[in-house]
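**Q** kindly return the folded structure for what I paste below:
(2 chains)
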Number of protein chains: 2
Amino acid sequence: MLKDVSPEKIKKYTKNELNVLCDKLRLVIYDTVTRCGGHLASNLGSVESIVALFYTFDFPNDKIVFDVGHQCYPYKLLSGRYERFSTLRQAGGISGFPKRNESEYDSYDTGHAGTSVSAAIGLAKARDLKGEKRNVIAYIGDGSFNNGLVYEALSSLKIVNTNILIILNDNGMSISPTVGGMYDIIAEIKKNGKEENIRLLESFGLSYVGVKNGNDLEEMLDSVAQAKEMLKNGSVLLHIATKKGKGYEFSEEHPTNTHGIPPVGSPKEKEYSEVLGETLCALAEKDPSITVVSAAMKEALGLSEFFKNYPERAFDVGICEENASVLCASMAAGGLKPYYAIYSTFLQRAFDEIIHDICAQDMPVTMCIDRAGISGADGETHQGVFDLSYLSFIPNMTIAVPKDTEELREMLHFSATYPHPLAIRYPRAGRVLFENGEKTPIVAGKWEYLHKTNSAKATVLAAGERCLIIAMKVLKALEKTGKSFNIVNARFVKPLDTQMLQSIDSEYVVTMEDNVALGGFGMMVNGELLRLNKTCKVKNFAYRDEFIPQGSVSALQSEYGVDCKEIEKYLLEVLL
Amino acid sequence: MLKDVSPEKIKKYTKNELNVLCDKLRLVIYDTVTRCGGHLASNLGSVESIVALFYTFDFPNDKIVFDVGHQCYPYKLLSGRYERFSTLRQAGGISGFPKRNESEYDSYDTGHAGTSVSAAIGLAKARDLKGEKRNVIAYIGDGSFNNGLVYEALSSLKIVNTNILIILNDNGMSISPTVGGMYDIIAEIKKNGKEENIRLLESFGLSYVGVKNGNDLEEMLDSVAQAKEMLKNGSVLLHIATKKGKGYEFSEEHPTNTHGIPPVGSPKEKEYSEVLGETLCALAEKDPSITVVSAAMKEALGLSEFFKNYPERAFDVGICEENASVLCASMAAGGLKPYYAIYSTFLQRAFDEIIHDICAQDMPVTMCIDRAGISGADGETHQGVFDLSYLSFIPNMTIAVPKDTEELREMLHFSATYPHPLAIRYPRAGRVLFENGEKTPIVAGKWEYLHKTNSAKATVLAAGERCLIIAMKVLKALEKTGKSFNIVNARFVKPLDTQMLQSIDSEYVVTMEDNVALGGFGMMVNGELLRLNKTCKVKNFAYRDEFIPQGSVSALQSEYGVDCKEIEKYLLEVLL
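**A** Coordinates of the predicted model:
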């Protein structure tokens, strides 16, 4: 059935056929996500509403923007992408997020929270000014509805003066349960239809339609039709209550664990996040001033235990990265020692606050930046490949890059008494690389040699575990041919170890990083060597100036500029 | 009287004395601001409320965070800074914004909008966890109250579980009149005490107190005392209606023009903003797809005429930089040609959206970035010295830096058909530098020689008017001693003119930019020369890695790393 389904056909289906379609969509989603990894629970919950939208609206002439995109799989399956859906999140395959270059049905790319309402307003205004006829829809979950950008957008609805339909898919969950004052307002409406809260939404210029069960197809069909009619006269908020994970008992009962899942049977790695959680708990036991702030990601960041053990010092503020940053800065101003745990790509949202609140005031906030570097299957919008570039030029900032999970632990101990802003960035998967190696103590801006030979012709400065693994692999290969080079664990990207750079006497210096080349570690080293009047020849390995799509981490690293073979080839040449 | 006033004494003043104090504060503020420049109208409006706060609360034990800081002059004058107040906004003098390093009375630095509520929550939680006794106050204008960050903060008030007092100083103005759905909700309360809107605010966990005339001292004294009492039991919103510019007829009638003013008698320069406004009007006449988006700054950005002439294509969305960016990206996705005019320092707020919405989708949005480079008297929080660093590593981004106001005009014409994201950055004051020079057409990534001699030993690559002026000054001085060098107008910082870099045959290359060194133009050039295997020696002139305080533009340029004398000295040495 799904093979032959098309937006045109859906409009002619009977209610019974539509219900069968919903079941089939769930089956494909479950089957594909357990095989490829991806977002399960949210996509199970959105099935009926999306089927109802296809029944009522005319895509792709009508346009829809999915906030974040965690709910767009049913939409993809119904808009001509069923056949290719088995390639979900794989290199060259279907993206887990809306992508304009994938289908004319996708009108706006998303991945970060809170953009959909603004985007729908912009698309609708373009329609108005160009005299086109089409409906524009923002489809947003209650988790995103907490994000400040959404209020900026709602506030501008009357200013921009256009009509959009907002579908608020309310399952009471972000990745963690949704929390916060604004959500309470929404939740009260869902619970008891509280009139004054509805009027609040109306004061943004929205007419309100509530749907008690957004997983009931008939109810959805009726209310979507009603909303479409109302849209002729002004903007509409269609508030639908759905069940995250709907249709699969385990997912319904464990919506957080089944929000995003890896392929079933994936090997379990010791992750950096586990070390973060353990170490912060240990530190907090001794230091009552330690607090932890998260933006709706506490489980994925390894903080569940901390939140359980220290509830009075642990704050999950929802998908509000800016607020989380200012809370950290001000807690530090008040004499606390805050830790801000976040994914690299989402920290971009707090960029101004890192400059203006944390660094300009030189506050001892520690940013624990997970999913740094290439993150893999989530693609362009989720790669953490910019953080070294956007943090390194901020005055008062220190940036640490652990060589393995054990070094993250040591860096966190180091952070406990470090009196300045500190960013520690690391990828998801990690390991203990140097179990028996001797440890050099962590000092800000000090690197360590992991391999050093007398009068080596080349020195490799590698930032972080992934790069060190490649460097050591190359060393092993070269040593077989009797050649060798120095390897430095460049564990601070800022400040650089100027003293070590000054003392390097090898003819060639190679930098490696899990970050874009522009503005990154290598360019910092180039500048410093220039300033020091060093005459060594430098070669930077880092990612080229492009958005990096989905794929496996190692394949993308290699394809975009940090390639084991290339590095080996370069070193073989210069070590001749 | 102001000379001898102290927080302790104020508490003992009679109401009559307090009223006299208000008058004297107005006098000093008016006198100082007309002499030093600064924020006039907002500080005239906040006088009574701040006097009432001193009467009732115990600063500095109690803490107050001023949002942005445009209303803190009365607070500074009453907290021991009267004597030094005549140095307002001058090098080494009193800052126009709250500064912790200036006084123990300043508990949190601000300058950008919307941070105060988060900051107060963080300070209050620190108090709770440390078992301290103090009140914490956020003082915020209605303009900032539109910013998304404020809703993130309000949403987290119950989560963080602490008590703060929010004073919403509502004068109906940002810099321009306040607009938007959220402000309408506030405005309705002010107008007719609308109960359901009050309950909305209460659902964030706030008790509401309204003050009809926040410029009436008696009313303020009563309500501040009431709020202090209520604060014992939970967070409070004290909503005061004030008059921006209060006490000076001209300022009351022209609150936008007297929001921030230069010292009276300052020479009028032809500003880049004027050229922006003129040119966009001219372009919009021919191209109906052109739209303009601003975040509460249309006048300062030169857009008043555009808003008057093209109201249906001009959008001022209030202090909502993120929303403004996504609106631009989505308008472009819908087939329009949007221009986003903004100050360099405020664009930092839209950093993630520039990456995620504008550049990842390769949208033809033109960002017109005013007040780029050192901006002068506003100090650390307002310097536009990071934009080259935070924009240059974003894939798909093009960055242009005009050599003078005429070249801005040409670049805007160039932008009209440019199909990618484009940032044009320029300082406030500008001039026509090259009135009679021949013009080379604007091509992305192509530079031009402004001065070229055969076999010159050095080539200076200067980005932007300020740097070119210095380069030409140095050239003039050196030519007197028979020496010369090449000067290049490096009008694109991205992409670099690789062809020209390749062809440079001088031994020395000097880069100059009005930006921090790290991640900036010079470092881009270093990397490119390295890639090209060029052996020329490079020297970068750019700002060192520090937050740059207030002062005159030229003095700060010179002090922080772009110094005419230093450049002359360097060139004299290498041209020997």
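
**Q** give me the pLDDT for A:Gln499.
**A** A:Gln499 is assigned 98 on the pLDDT scale.

**Q** next one: A:Lys476
**A** A:Lys476 carries a pLDDT value of 96.

**Q** any idea how far A:Ser484 is from it?
**A** 10 Å (CB to CB, to the nearest Å). Every C-beta, even on glycine, is put in place using the N, C-alpha and C of the backbone.

**Q** same deal with A:Lys446?
**A** Going from A:Lys446 to A:Ser484 by CB to CB gives 23 Å.

**Q** which one's more surrounded, those two?
**A** Neighbour tally, A:Lys446 and A:Ser484, criterion other CB atoms under 10 Å in any protein chain shown: the higher count belongs to A:Ser484, 18 against 14.

**Q** enumerate the residues of the stretch 401-550 of chain A near chain B.
**A** A:516-520, A:522-524, A:526-527, A:530, A:538, A:540, A:545-547 (CB under 8 Å from any CB of the partner chain).

**Q** show me the two of those residues that sit farthest apart.
**A** Farthest-apart pair in those is A:Leu530 and A:Phe547; separation 29.4 Å (CB to CB).

**Q** all strands of the stretch 101-250 of chain A, in order?
**A** Secondary structure of the stretch 101-250 of chain A (DSSP state E, counting those that start in this stretch): strands at A:136-141, A:165-170, A:206-211, A:235-241.

**Q** now the third one against strand A:235-241, angle please.
**A** The reference is to strand A:206-211. 20 degrees (axes from the mean of the first three to the mean of the last three CA atoms, to 10 degrees).

**Q** ok, strand A:206-211 near chain B or not?
**A** No. Using CB under 8 Å from any CB, strand A:206-211 stays clear of chain B, coming no nearer than 8.8 Å.

**Q** just checking: what are the partner strands of that strand?
**A** Note on strand A:206-211: by DSSP bridges, its sheet partners are strand A:235-241 (parallel).

**Q** pull the number of nearby residues for A:Ile470.
**A** Neighbours of A:Ile470 under the rule other CB under 10 Å: 23.

**Q** doesn't it belong to a helix?
**A** Yes. Under DSSP: H, G, I helix; E, B strand; the rest coil, A:Ile470 sits within a helix.

**Q** for it, what are its contacts?
**A** For A:Ile470, the contact set (CB atoms under 8 Å, 6 or more residues apart in numbering or on different chains) comprises A:Ala462, A:Met512, A:Val562, A:Cys564, A:Ile567.

**Q** please list all residues in contact with the closest residue to A:Thr453 other than its chain neighbours.
**A** Ranked by CB to CB, 6 or more residues apart in numbering or on different chains and with sequence neighbours excluded, the top spatial neighbour of A:Thr453 is A:Ser484, at 4.8 Å. Contact analysis of A:Ser484 by CB under 8 Å, 6+ apart lists A:His451, A:Thr453, A:Ala456, A:Leu475, A:Leu478.

**Q** surely the fourth one meets A:Asn486?
**A** No. Proximity of A:Leu475 to A:Asn486 does not meet the contact threshold set by CB atoms under 8 Å, at 9.4 Å.

**Q** more neighbours: those two, which one.
**A** In this view A:Leu475 and A:Asn486 are compared by other CB under 10 Å, and A:Asn486 has more residues nearby, 23 against 20.

**Q** would you confirm that the more buried one contacts A:Ala456?
**A** Yes. Using CB under 8 Å, A:Asn486 makes contact with A:Ala456 at a distance of 4.6 Å.

**Q** spit out the residues that contact those two alike.
**A** Shared contacts of A:Asn486 and A:Ala456, defined by CB under 8 Å, 6+ apart, are found at A:Ser506.

**Q** in the helix or strand where A:Lys9 lies, what counts as buried?
**A** In this assignment (DSSP states H and E), A:Lys9 forms part of helix A:7-10. The neighbour-count check on helix A:7-10 (16 or more other CB atoms under 10 Å in any protein chain shown) flags A:Pro7, A:Ile10 as buried.
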